[in-house]
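Peer 1: below are the sequence and a predicted model for it; my questions follow.
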Amino acid sequence: MLIIDCPYCGPRDQSEFSNGGEAHVKRPDGSADIGDREWGEYVFIRANPKGIFYERWVHSHGCRKWFNCVRDTSTDEILKIYKIDEERPKLDSFKNNVKTPSGEPNLGSGNFTVKK
Amino acid sequence: MSDLNLTDNKFIQFHQKIGFKFDGVKYYGYKGDTIASALLRNNLKLIGRSFKYHRPRGFYTCGIEEPNALVQIISEYSEPNTRATIKKIYEGMEIESQNRWPSLETDIGSINNIFSPVFPAGFYYKTFMGPHKNFWKKIYEPIIRKAAGLGKPPKEFKAVSTHLHHNVDITIVGGGLNGLIAAKSLIDTKYSVLLIDFDDQLGGILNNSNKVLSVNNQTPMDWISETVKEIENSKNIKILKNTLVTTYNYINHLIAVEDKFVGSRPLKDKVNSTLHKIRTDQVILCNGHIERFLSFQNNDLPGIMLCSSFEKYMCRYGVIPSKETVVFSNNSNSESLVFSLIKKGFKPKAYIDSRSGENIEPDLFDLIRKNDIPLYTNSQIKGAYGNKKLQKILVEDSSGGVNEIKTDFLCLSGGINPDVHLFTQSKGLLDWDEKDLTYKPAQAFQPTITLGSASGQFDFNAINKEINEKLVIFGIKPVQIKLELNTSHKFKIEKLWEVLPQKQTIWSKSFIDLQNDVTTKDIRQAISEGFDRIEHLKRYTTNSMGTDQGKISSINALGIVSDLLDKKVNEVGTTIYRPPYAPLSFAAIAGRNSYEYYDPERKSPIHNWHITNGAVFEDVGQWKRPWYFPINKDETMDEAVQRESKNVRENAGVLDGSTLGKIEIKGKDALAFMNLIYTNSFSKMKPGTSRYALMLGEDGMVKDDGIICKISDEHFIATTTTGGAATVLGCMEEYAQTEWPNLNVYMNSITEQYATFNISGPKTRNIIEKVFPEVNFSNEAFPFMTFQFHEYEDTPIRILRASFTGEMGYEIYVPSNQAVKIWEKIISFGKEFGLMPYGTETMHLLRAEKGYIIVGQDTDGSITPLDLGLDWIIGKSKKDFLGKRSLIRSDTVRKDRKQLVGILPTNKNEKLEEGQHIILDKEIKTPTPMLGHITSCYQSPTLGHNFALAVIKNGQSLIGTKAFASTPELKTIEVEIVEPIFYDKENTKLAS
Ligand SMILES: [Zn+2]
């Protein structure tokens, strides 16, 4: 279970939080000028990468504040937590040297044993 | 009795006899005995039947790694699959063997053993595929379940457990030699430390074997008690005994379960077990090693046991399973057993070693020679034979000759493995050690340190060096422990996984997994069928998939597979050990989260009034709501609902609506915010008015509904559905914080601050005028969909004129602590006008007559406001609101979407049912195209017949046509598709 460092309350157990999916997905306004594709992508399409992921969390059993988080989904390491109005940290600002549990690369999928 | 001289055994209280029953027969053991040690003390060697073939099985080990000796404890807690090798006996304990019928000695299921040639690997997958798909559910599965059942679960969930959280700097798992040294070195440091051991005695290998003669010139026992005392007296170290670490999660999160009643009967209403949830900065794993077995013909016979386990029974429990045992080994771990046996005067009947004489430890070689023990070097056991117990073994000696040795016991050692389960659970990587022939921890993924044999460090002389190197990060003083040994300090082994039998018969088997009855033949067959990946092979053969996770055998399987595939073991890889390390009870996991504590019950402020007045309750989310109020015990629900409904239409009724969600929204930009959240436009609304409103998801589907009261542009109160309150508040908060942080708006749940009473019916006005005489309830002063604030005996109240029944009605909002007083007033003042309380079922009936939807019943997350015919509710001139753009997606403007309609049976005596499909044809053929289904259905007392709401394809244009409702009996009922409103279509009553 993760320990998540709420920017308002401090580090707490994951069980106090809810995940809110991908962060920095900009909501287009609801006007008819927005094309079906653009609106459809906003409503239905979210990234689910292996590796560095910008995601949202809410401290639902705490201060009920939303905030953003950068997590390596292949190691579960939380690289950065920042408030919702703070700027998105650049991808290359993370030197992520943690090996994945199975020793496979952080990006890409598959399992060495099966692949061989 | 197979007792050793117990006076020098400090673990067994031999003066304290304990009586217990095994399969109905009374036996005696001593305080400190496990079920296994007590039964062995009584010369009982058959303990259970195996899982698949029902073969007789005995105690194979003396610890948690035991694959065979699973028993059922008969008590009110009824513990199935309890390991007899670790469970301590208590006075009056009742134990039953498992997996046998009618008795352990005569087991009918053992016929599986004779038919075993038909139970090969993948048997279930291959056999139970046909001849018809129903065969599996109806015939095979029930039979297999009956035959394969291990223990019986308790009938009721009774055990009591609590959860305890720890936050410490260092957690040491295992209080053996290394764990004690590590803990001792951390005494009075700045670190808070937890030392956890599964046993009730710290000391590990020092207690369980004669390997170590002295520690720091003290006897091992003296050193342990002195060290434990020092640790106990320290301020920074806490010891948890009888506590098994079952799980090692990410971020050094450990889960451990503590048995609070070791060696005594669990007390009623006392905590039986504690689940420890531990967060720690550093974990030190000192959890030792596990001995492996070896595969040969019938290596499962009762009377075969691992060497170190035999020695543990002697040292720890003062019991000797056999006074004349044969020892078979391929490694140095057997040396200590031979030493212990000779020391106690029970020299082995023979010593067999697959290694050559010069590779056997010189001290062991001399010991055997000096005591005239028959020695077979370069030799192997070809097979073990006997009826329900070991009677003889066949030994192939170095010259290739086969010798028969009559014996009732055989001790076995196939090598040792570091206990890497927790290390791999923590995602640490293992590496194969070609010299010691085992997987060892190689790279930790978390802040994890392994010490001693848990790290694969099998050399007693290297203990100081390892501890000082690995614990230097804590800045402790270097330790200098002086050890004197009875055996060689190093571990040596030569490769041997399996001895092939002299003659292969279909009845004799070489097992590779004792708990799941997997044989080495199954492994060969799986590989020949192409299951050569270790994870596939594991699932196909079920090897190491038992509750023991193949602790004594899974590495052997890897060895055999690597030989068969001619690959290095490292290339074969290892399967993943998953938590928990050993089974833990659901009771321990559940902790206090059971029964009334599992999920809170929410009650209206006037809940007690409902009880007093005979309400029958319905669960709505966590809420208890009055379902209906029977006037006497003979009145059925149907009768009560018909009566209540009729009374609302003719006189008046009052409903406790306190469970509806209430959210207060305030702020300079509250109006803009509400316009974005709900479909409606609130801009032109006058303060003091209210509106029925819908909330959509971004996909355009109806998510919730409610009435929005506008107090001012900066202050709103919204109601939500009972079940949707938390979601709606969460949604508002999310958008306020993430999408529109520039809006100045705040929101708060006030659901529990206010009770809500909905009075409706033609006589409503007469009643509330009497209750609130100072309020003018005339149509002009208090029109439909307006609200006013008033005071009632100094209590501030809000009255809203709205209706969910179709009758003229008012909703009274009162502070919860004043609720009973006002409710009772309404009831008593209403009596003369025929006012009656009504429940949720009547509310549902009345609203359905009026065609009002229930979100979640008439909608299902795929229904838009347009599908409901609620176009008028959408603020089309608004630029934006949640889900607006989705309402013009190609899918949402489709003409053939499912739309809300009313349904009436053509024959008014017919009864419809919720969930029935609406179809076009009278005859049901396969496949029958379905138009949709009935979402709400009631018998109307006003109409005198059944009516329903339904969502059906293209429904709005089908109004006025005929269709059919299909019944589960495959009959059809002719129905008319009508407008979804059955009562007061002109809305004259609402504004009357
Ligand atoms: Zn917080």
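Peer 2: Arrived safely. Residues are numbered from 1 along each chain as shown, chains lettered A, B, ... in the order given.
Peer 1: is the lengthiest helix in chain A positioned near chain B?
Peer 2: If you go by DSSP state H, chain A has its longest helix at helix A:36-44. Yes - judged by C-beta under 8 Å from any C-beta of the partner chain, helix A:36-44 and chain B are in contact via A:36, A:39-40, A:42-44. Quick note: C-beta positions are derived from backbone N, CA and C, even for glycine.
Peer 1: so B:Arg279 belongs to a strand, correct?
Peer 2: Yes - using DSSP: H, G, I helix; E, B strand; the rest coil, the assignment for B:Arg279 is a strand.
Peer 1: pLDDT value on it, please?
Peer 2: Looking at B:Arg279, its pLDDT stands at 95.
Peer 1: just B:Phe617 next, same as before
Peer 2: 97.
Peer 1: any idea how far the residue in the stretch 451-600 of chain B positioned nearest to chain A is from B:Leu565?
Peer 2: Per C-beta to the nearest C-beta, B:Gly573 is where the stretch 451-600 of chain B lies closest to chain A, at 4.5 Å. Shown here: B:Gly573 relative to B:Leu565, a distance of 11 Å by C-beta to C-beta, to the nearest Å.
Peer 1: how long is stretch B:434-444 end to end?
Peer 2: 20 Å (C-alpha to C-alpha, to the nearest Å).
Peer 1: which positions in it come out as buried?
Peer 2: Neighbour counts over stretch B:434-444 (16 or more other C-beta atoms under 10 Å in any protein chain shown) mark B:436-441, B:444 as buried.
Peer 1: any low-confidence regions in chain A?
Peer 2: Applying pLDDT under 70 to chain A picks out residues A:30, A:95-116.
Peer 1: C-alpha coordinates for the longest helix of chain A, PDB please?
Peer 2: Taking Å, rounded to 0.1, in the frame of the first residue of the first chain, the C-alpha atoms of helix A:36-44 are listed here in PDB:
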ATOM      1  CA  ASP A  36     -17.200  14.900 -31.700                       C
ATOM      2  CA  ARG A  37     -13.600  13.500 -31.800                       C
ATOM      3  CA  GLU A  38     -12.200  16.100 -29.400                       C
ATOM      4  CA  TRP A  39     -15.000  15.800 -27.000                       C
ATOM      5  CA  GLY A  40     -15.100  12.000 -27.200                       C
ATOM      6  CA  GLU A  41     -11.400  11.900 -26.400                       C
ATOM      7  CA  TYR A  42     -11.900  14.100 -23.400                       C
ATOM      8  CA  VAL A  43     -14.800  12.000 -22.100                       C
ATOM      9  CA  PHE A  44     -13.600   8.500 -22.900                       C
END
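Peer 1: neighbour count winner among B:Gly573 and B:Leu565?
Peer 2: Of the pair B:Gly573 and B:Leu565, B:Gly573 is the one with more neighbours under other C-beta atoms under 10 Å in any protein chain shown, namely 22 against 13.
Peer 1: now the more buried one: how far from B:Asp23?
Peer 2: Taking C-beta to C-beta, one finds B:Gly573 at 42 Å from B:Asp23.
Peer 1: chain center to the longest helix of chain A: distance?
Peer 2: 20 Å (C-alpha atoms, centre = their mean, to the nearest Å).
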